[in-house]
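[1] here's a sequence, model it:
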Amino acid sequence: MGDELKFIEESTGLSPSPQRIEHGLETWEWSSDWCFHEFAVKGGKVWGWAKSPEEARGLATGLSLTENASPEAYSAIFSKQGAAGLARRSEGLNRFADTLKQMRILSSDPQQVPVCRIEDWPDLEIRGVHLDLKYYMHSLEYLMGWLDTLKDGKINALLLEYEDKFPFAGHSEVTSDHAMEKKQLTAFLEKARRLGLRVIPMFPTLGHLEFVLRHDKFAPLRGGPNGDYFTEVRVGDPAGLKLVFSFLDELLEFHGPDEWFHVGGDEPWFLKTRMREDAPGTVEDYIAHMNEVCRHVMARGKRPLIYDDVLRSLEPDLRRSSLLRLPREAILCVWDYGASLNWPGKKLQEAVNDYCAAGNDFLGLPCFNWGSGLPFFRDYTIPNTLAMINLAHSRGALGVIHTGWACFRVPLPLTDLGLAVAAARSWKYSTVGNAKPIENAFCRLAFGLGTRAVADVLLHLAKQIEVHTPLGRPISLPHFYYMDSVLQFGSHEERMRLGSSLDLYGNADYKGIMVKKLKFIRDSPHFGDIIHALRNHRDEAQALADVLSPLGEEIRRGKENFDLLSWMANFKVHACARVVALLENDRAQAASALSVGRNLRQQMVRVFEFFLHEDEMEGEAEALFGGELALLEELAAPLAKKRQPALVQAA
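    All right, here's what the predicted structure looks like:
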């Protein structure tokens with residue numbers, strides 16, 4: 001077989017693409033006659049699928065251990081006689097199994113796959129994904145299957161952010177009604193570990209504590225000038241640390257097998273404001289607090305992770321002296337969602353230099369789900385992902401963890417393209433500035449399509465129109481976006497004080513938010529441009545929905561994901577049309593949009609039920625439809641009354 005193989009740069013359909021692959025001319029097909037065989041060889045172990053042990057051993061003679069020493073390294077062969085993988089460690093054999101799974105999927109497609117020989121290993125040691133459970137809870141059934149998706153992409157770490165979704169026994173008032181039960185969570189974590197995922201629990205220990213501090217019981221521990229910041233605990237108060245430790249201790253005990261623990265430390269808004277004002281003692285307070293937290297988890301045998309934004313914001317000399325007061329064991333999480341041509345900027349690069357000089361390891365944290373309805377793949381998340389992986393690779397980072405924030409309310413199934421890019425480029429580094437081969441492979445693996453049409457729809461559908469306001473944040477069109485909460489809070493400063501999401505308080509007034517949004521737009525000097533942009537977005541979304549329509553008959557797998565994307569395209573068309581109707585006070589347009597909106601809301605339950613927690617459905621429907629449909633009903637009501645006599649007469 002060796003004489004028939006030829007080295008190629010990219011594999012046919014595999015994602016991540018192997019480091020080295022040689023293809024033959026013949027087609028590889030899975031046979032139901034093959035059986036599993038396992039045996040040891042010098043320096044490693046072989047997993048083989050063939051008719052007999054002898055044939056499996058024969059396949060293995062064509063393999064050699066890779067020169068790369070990663071525990072996940074493996075070599076493999078896929079021939080007419082079967083398939084075999086060789087590795088030093090079980091991690092490598094599991095990666096071979098991931099590749100075999102994809103080869104079996106691809107071999108069932110009309111495009112098929114050729115026989116091949118592979119040598120493969122990861123370029124980054126840690127390739128993680130962040131699961132944020134707050135605000136927007138997916139169903140346990142979906143999340144269990146999602147873990148398999150991570151493994152398929154050779155992801156090996158899961159950063160798990162609980163906030164109020166952990167079943168706290170000591171502070172049950174904090175736990176959400178949507179939280180998993182301990183037995184459910186145990187099953188989820190056991191599966192994650194079994195799939196080779198390094199589980200990293202995360203608990204915010206300074207900022208983003210509104211899910212705790214909003215309760216009157218903890219009011220004396222709120223930060224801020226008057227103890228009125230729900231978002232951060234008061235630093236320097238032993239009672240505040242004691243409260244934080246009480247939460248940590250429950251999580252530390254529950255996560256006994258897990259070696260790392262993320263202690264947050266990002267965005268303490270009041271403290272950062274005081275730092276910018278050079279208020280005496282604020283930097284020292286921050287470092288002292290985070291040092292105590294790190295020491296607490298280290299005493300329980302865990303290695304702490306810390307977000308780096310506060311350290312990065314400091315002047316270089318102050319940053320370097322502050323780093324000396326943190327444990328060397330602390331891993332700094334460099335998060336930045338920039339995607340501009342000059343990213344990373346000088347300040348970020350200087351900060352990374354300081355982290356390395358201080359002896360701290362670091363991880364790069366891009367964002368894979370920043371978006372509205374679906375991620376802004378083309379303009380933000382994919383460029384940000386590629387740029388952060390480049391930084392991590394060039395500066396010797398431990399790896400990357402791709403963050404996904406629940407506040408964006410983006411369904412996980414609609415992030416799969418971004419995760420495919422993140423997983424593939426994290427495994428096999430490349431300086432190529434685009435991800436087209438990965439996007440092509442995604443379309444084939446996820447949907448069985450030989451065309452990249454679905455990827456193109458995903459890349460172009462996510463658009464947002466921003467309207468600037470004096471509230472400290474812009475408002476967004478064509479539908480509700482989490483930053484629109486400033487319209488209810490009254491300002492960005494108030495939002496920072498109380499928390500980033502209205503979901504936590506359960507009092508979102510979506511109709512009131514939309515009324516204020518419409519007023520801002522009508523008062524804007526760019527009113528005409530906004531209407532024009534909405535109509536353009538509507539037409540583009542309609543064109544993309546039309547692209548998807550005939551593909552429904554061609555897809556071979558991933559139907560639920562495809563139906564969700566099709567629904568989202570139609571929703572984007574509707575969202576633009578209804579805003580235009582409301583802005584122009586057009587009753588006929590309002591009546592039409594109202595009818596379409598009601599149908600889409602009914603369809604939403606069917607389309608969303610495979611992934612969304614059942615208790616979240618009504619709240620999500622309200623966020624997407626509630627305010628707009630209520631206003632459309634009011635606008636269209638006179639028209640409906642005029643039609644009523646005719647309807648009666650006809651009856």
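[2] contacts, neighbours, all on C-alpha from now
    OK.
[3] Ser426: how many residues sit nearby?
    32 (other CA atoms under 10 Å).
[4] go ahead and confirm it touches Ile389.
    Yes - shown here, Ser426 and Ile389 form a contact pair, counting by CA atoms under 8 Å, at 6.5 Å.
[5] what residue is smack in the middle of this structure?
    Nearest to the centroid of the C-alpha atoms of the chain, with distances taken as CA atoms, centre = their mean, sits Gly404, at 2.8 Å.
[6] wait, what's in contact with that one?
    Residues counted as contacts of Gly404 (CA atoms under 8 Å, 6 or more residues apart in numbering) are Val129, His130, Leu131, Asp132, Cys367, Phe368, Asn369, Trp370.
[7] mind putting the residues you listed in JSON lines, pLDDT, secondary structure and distance to Leu471 included?
    Shown next, in JSON lines, are the contacts of Gly404 (pLDDT from 0 to 100; DSSP: H, G, I helix; E, B strand; the rest coil; distance: CA to CA, whole Å):
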{"residue": "Val129", "pLDDT": "98", "secondary structure": "strand", "distance to Leu471": "33"}
{"residue": "His130", "pLDDT": "98", "secondary structure": "strand", "distance to Leu471": "30"}
{"residue": "Leu131", "pLDDT": "98", "secondary structure": "strand", "distance to Leu471": "30"}
{"residue": "Asp132", "pLDDT": "96", "secondary structure": "strand", "distance to Leu471": "27"}
{"residue": "Cys367", "pLDDT": "96", "secondary structure": "strand", "distance to Leu471": "25"}
{"residue": "Phe368", "pLDDT": "96", "secondary structure": "coil", "distance to Leu471": "27"}
{"residue": "Asn369", "pLDDT": "96", "secondary structure": "coil", "distance to Leu471": "25"}
{"residue": "Trp370", "pLDDT": "95", "secondary structure": "coil", "distance to Leu471": "21"}
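[8] what sits in contact with each of Ser426 and Ile389?
    Residues touching both Ser426 and Ile389 (CA under 8 Å, 6+ apart): Gly399, Val400.
[9] now the residue nearest to the centre of the chain, nearest residue through space, not along the chain?
    The spatial neighbour of Gly404 that comes closest, neighbours along the chain excluded (CA to CA, 6 or more residues apart in numbering), is Asn369 at 5.1 Å.
[10] likewise for Leu189?
    Going by CA to CA, 6+ apart, Leu189 has Val199 as its nearest residue, at 7.5 Å.
[11] check what pLDDT the one you found gets.
    Note for Val199: predicted pLDDT of 98.
[12] low-confidence ranges, this structure, go.
    Under the criterion pLDDT under 70, the flagged ranges of the chain are 1-12, 339-342, 504-505, 639-651.
[13] can you give me the domain boundaries for it?
    Domain assignment for the chain, taken from automatic domain parsing, gives 2-120, 126-461, 465-644.
[14] are we agreed that Phe433 is in a helix?
    For the record, residue 433 is Gly, not Phe. No - going by DSSP: H, G, I helix; E, B strand; the rest coil, the assignment for Gly433 is coil, not a helix.
[15] these two touch, right, it and Ile389?
    No - using CA under 8 Å, Gly433 makes no contact with Ile389, being 11.4 Å away.
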